[in-house]
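Undergrad: Sequence and predicted structure below; questions after.
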Amino acid sequence: MSIYQEKAKECKCCGKHVPLPTVLKEYNGIMVCPTTFANITEYTRIWNTVGSRPSGSIRKHFSEYVQQIVENNIDKK
Ligand SMILES: [Zn+2]
């Protein structure tokens, strides 16, 4: 197993998509792949714009994993 494969396991969404990421990003102490990181950033941006949990028509574009991470980390007003 290569070092990239080992690192990729730290992102819970990975293992399903190929090729695996070669670089991981950190979000609040959670290691995620760049795709998940970008989606977390975007979902958080929308959440803050809307001011509450985005509607289902927006949520469907984001994985359960991304939604869960944002739910747990966002500053709910
Ligand atoms: Zn991933």
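TA: Structure's in. What do you need?

Undergrad: use CA for all of it now, contacts and neighbours both
TA: Fine.

Undergrad: contacting residues for whichever residue of the chain sits closest to the ion?
TA: Distances between the chain and the ion by C-alpha to the ion are smallest at residue 14, namely 3.8 Å. By C-alpha atoms under 8 Å, 6 or more residues apart in numbering, the residues touching residue 14 are 8, 20, 21, 33.

Undergrad: which stretches of this protein form helices?
TA: For the chain, helices defined by DSSP state H occupy the ranges 3-8, 34-50, 56-59, 64-73.

Undergrad: Single out the most deeply packed of the ones you listed.
TA: Looking across the helices of the chain with neighbours counted as mean count of other C-alpha atoms under 10 Å, the highest average goes to helix 34-50: a mean of 17.

Undergrad: still on that earlier bit, closest to residue 25 out of the helices of the chain?
TA: helix 34-50 (6.0 Å; C-alpha to C-alpha).

Undergrad: Please list the residues of this structure that sit near the ion.
TA: 11, 13, 14, 33 (C-alpha under 5 Å from the ion).

Undergrad: quick revisit: and the furthest pair within the contacts of residue 14?
TA: Going by C-alpha to C-alpha, the pair spanning those furthest: 20 and 33, at 8.6 Å.

Undergrad: need the contact list for the closest residue to residue 36 other than its chain neighbours.
TA: Spatial nearest neighbour of residue 36, excluding adjacent residues (C-alpha to C-alpha, 6 or more residues apart in numbering): residue 66 at 6.6 Å. Listed by C-alpha under 8 Å, 6+ apart, the contact set of residue 66 reads 36, 39, 40, 43.

Undergrad: Can I get those in CSV including pLDDT?
TA: Formatted as CSV, these follow (pLDDT from 0 to 100):
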residue, pLDDT
36, 93
39, 96
40, 96
43, 97
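
Undergrad: how close does residue 25 get to residue 13?
TA: As judged by C-alpha to C-alpha, to the nearest Å, residue 25 and residue 13 stand 13 Å apart.
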